[in-house]
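# model this:
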Amino acid sequence: MFNKSHPKKEIKRKKKDNLQNLLRRVYERFVKIRGQPREIALGFALGIFIGMTPTIGIQIPIAVFFAAIFKWSKISAAFGVWITNPLSAPFIYSITYIVGSKLLGLKAPVTLPDELAWAVIKQMVSSAPRILGALTIGGILIGLPLAILSYYLSFAAVNKYQQSIKAKVAAQKARLANTKERVKKKIRKGRKKK
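Down below sits the predicted model:
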């Protein structure tokens with residue numbers, strides 16, 4: 001007998017596997033960025049911080065610009081900005097707005113109207129500075145601790161990866177030196193026999 005729930009479970013499992021594979025590939029690409037772990041981690045933290053600000057659309061240029069000024073990793077800064085992606089942006093901006101509006105003492109949350117009329121558009125434009133202010137303040141308050149946390153986590157990840165690569169290279173060099181020494185001994189033995 002055919003079980004109808006089985007294909008749904010299989011689809012769920014595949015989606016979970018695809019997400020895990022995607023996250024693993026992103027992590028692997030991140031730790032393989034060239035540079036000093038400190039510079040990479042600082043660039044990433046900068047990107048995370050800028051990703052929390054309401055500068056969507058120009059976040060990557062801003063992050064790369066400041067990373068270049070501070071001589072941090074521009075690639076990891078651009079990488080960090082992707083915290084604000086199409087899937088996470090509504091969640092992030094909702095939270096930053098709530099935090100910012102609470103701090104600024106804004107009473108009425110901004111609600112989207114059912115219909116767009118000229119008066120509604122005018123009211124929305126007049127609310128823009130208040131909304132932008134709340135998003136900015138909330139983004140800074142949430143972005144700073146996230147940037148600090150991301151610095152330490154990314155530093156640890158990149159440093160661990162680079163140390164493992166250095167250990168592998170050192171082991172290869174030792175094996176190569178050992179092989180080279182054995183070949184030299186065989187050559188010497190062969191010359192002595194003649």
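# average model confidence for the regular element (helix or strand) spanning residue 148?
Secondary structure from DSSP states H and E places residue 148 in helix 118-193. Average pLDDT, helix 118-193: 88.
# by contact count, what packs against it?
Other elements packing on helix 118-193 under the criterion 3 or more C-beta pairs under 8 Å, 6 or more residues apart in numbering; DSSP states H and E are helix 5-31, helix 37-51, helix 89-104. (Each C-beta comes from the backbone N, C-alpha and C, glycine too.)
# which residue packs closest to residue 136, ignoring adjacent ones?
Spatially, and ignoring its direct neighbours in sequence, residue 136 is nearest to residue 54 (6.0 Å; C-beta to C-beta, 6 or more residues apart in numbering).
# Wait, the one you found touches residue 135, no?
Yes: the criterion here is C-beta atoms under 8 Å, and residue 54 meets it with residue 135 at 3.8 Å.
# Could you tell me which residues touch both of those two?
Counting by C-beta atoms under 8 Å, 6 or more residues apart in numbering, the shared contacts of residue 54 and residue 135 are 93, 96.
# From residue 136, how far off is the most centrally placed residue in the chain?
With distances taken as C-alpha atoms, centre = their mean, residue 80 lies nearest the centre of the chain, 3.6 Å away. Between residue 80 and residue 136 the distance is 18 Å, computed by C-beta to C-beta, to the nearest Å.
# Repeat that for residue 185.
Counting by C-beta to C-beta - residue 185 and residue 136 are separated by 70 Å.
# Tell me who's in contact with the residue nearest to the centre of the chain.
Residue 80 sits in contact with 43-51, 63, 150, where contact means C-beta under 8 Å, 6+ apart.
# Let me have those in TSV, extended by neighbour count and distance to residue 114.
As requested, the contacts of residue 80 are exported to TSV (neighbours: other C-beta atoms under 10 Å; distance: C-beta to C-beta, whole Å):
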residue	neighbour count	distance to residue 114
43	30	44
44	32	41
45	26	41
46	27	40
47	33	37
48	27	36
49	26	36
50	28	34
51	29	31
63	28	37
150	22	39
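# ok, back up a step: any figure for the gap between the residue nearest to the centre of the chain and residue 126?
Counting by C-beta to C-beta, the gap from residue 80 to residue 126 is 34 Å.
# Let me know the secondary structure of the residue nearest to residue 136.
Classification of residue 54 using DSSP: H, G, I helix; E, B strand; the rest coil returns coil.
# Burial check on residue 62, number of neighbours?
If you count neighbours by other C-beta atoms under 10 Å, residue 62 ends up with 17.
# Apart from its chain neighbours, what residue comes closest to it?
Among residues not flanking residue 62 along the chain, residue 50 sits closest, at 5.4 Å (C-beta to C-beta, 6+ apart).
# Pretty sure the one you found sits against residue 67.
No: taking C-beta under 8 Å as the definition, residue 50 is not a contact partner of residue 67, at 9.5 Å.
# and for those two, which residues touch both?
Contact with both residue 50 and residue 67 is made by residues residue 77, according to C-beta under 8 Å, 6+ apart.
# shouldn't residue 78 be in contact with residue 65?
No: using C-beta under 8 Å as the test, residue 78 is too far from residue 65 to be in contact (10.8 Å).
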